[in-house]
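Participant: Everything below, folded, please.
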Amino acid sequence: MGVMDDSKRAYQVLLIFSSVLAVLVGIDLVTDFKSGGSGSHLIVEGLLFTISAGFFIFGLRQLQVAKTEIVTLRRNMDELTLEKEQWKQSSQRLLQGLSIKIESQFTDWKLTPAEKEVGFFLIKGFSLKEISDLRQTKIKTTQQQAQAIYQKSGLANRSELSAFFLEDLLPPQSTPSSP
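Facilitator: Numbers count the residues shown, from 1 in each chain. Predicted coordinates for the structure are as follows:
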């Protein structure tokens, strides 16, 4: 049971207790008043009625505040869910576009289908061993395909390969201004 459930249960108990107490004290107050009860007794019961009714009203207000907060939180959650979906769709389109551009560059470099697959894995950051396992090939084959990619592209290594495609995605570095 969470903190919110404990708090909700406490307010429910407070509302039930204060409403029952207010009703019982109210009935007793009216009965005593009709039967000519003493002034001090009626004052004490009146105070008890006022206190229990006050707690009941306080509990109802807290309940209303909680309901308002829940409605607001649900609305915010719905807005965030919509925003997340929009961002997800937008980023999916961008990633698809990037994949198409990378594929096109691989074709320009005249990579074989196997080399293209290895190239994508290299850009994603997989190790040669992981690539070999995923493709179910020997590590030596993966090493040779990686070397063929570097040779055909004119790039020296994995870092240069990744930088070739990802460099333009990063914001430009600001150069310090000279005094």
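
Participant: just checking, what packs against the helix or strand hosting residue 25?
Facilitator: Applying DSSP states H and E as the criterion places residue 25 in helix 3-34. Where contact means 3 or more Cβ pairs under 8 Å, 6 or more residues apart in numbering; DSSP states H and E, helix 3-34 is packed against helix 39-108. For every residue, glycine as well, the C-beta is placed using N, CA and C.

Participant: what about the helix it packs on, distance to the chain center?
Facilitator: 12 Å (Cα atoms, centre = their mean, to the nearest Å).

Participant: Would you mind measuring from residue 158 to residue 143?
Facilitator: Separation of residue 158 from residue 143 (Cβ to Cβ, to the nearest Å): 12 Å.

Participant: er, residue 22 actually
Facilitator: Relative to residue 143, and taking Cβ to Cβ, residue 22 is found at 82 Å.

Participant: Tell me how many other residues crowd residue 108.
Facilitator: 10 (other Cβ atoms under 10 Å).

Participant: higher neighbour count, residue 158 and residue 143?
Facilitator: Using other Cβ under 10 Å as the criterion, residue 158 and residue 143 rank with residue 158 on top: 18 against 14.

Participant: from what I can see that one touches residue 124, true?
Facilitator: No. Using Cβ atoms under 8 Å as the test, residue 158 is too far from residue 124 to be in contact (10.6 Å).

Participant: which intervals of the chain have sub-threshold pLDDT?
Facilitator: Applying pLDDT under 70 to the chain flags residues 1-5, 168-179.

Participant: so the residue located most distally from the centre of the chain is in which element?
Facilitator: What lies farthest from the middle of the chain is residue 36; by Cα atoms, centre = their mean that is 64.1 Å. Here residue 36, judged by DSSP H and E, is contained in no helix and no strand.

Participant: Now residue 165: closest residue in space, sequence neighbours ignored.
Facilitator: residue 102 (5.6 Å; Cβ to Cβ, 6 or more residues apart in numbering).

Participant: For that neighbour, which residues are in contact?
Facilitator: Residue 102 is in contact with 119-120, 123, 165, counting by Cβ atoms under 8 Å, 6 or more residues apart in numbering.

Participant: Thanks again, I'm all set now.
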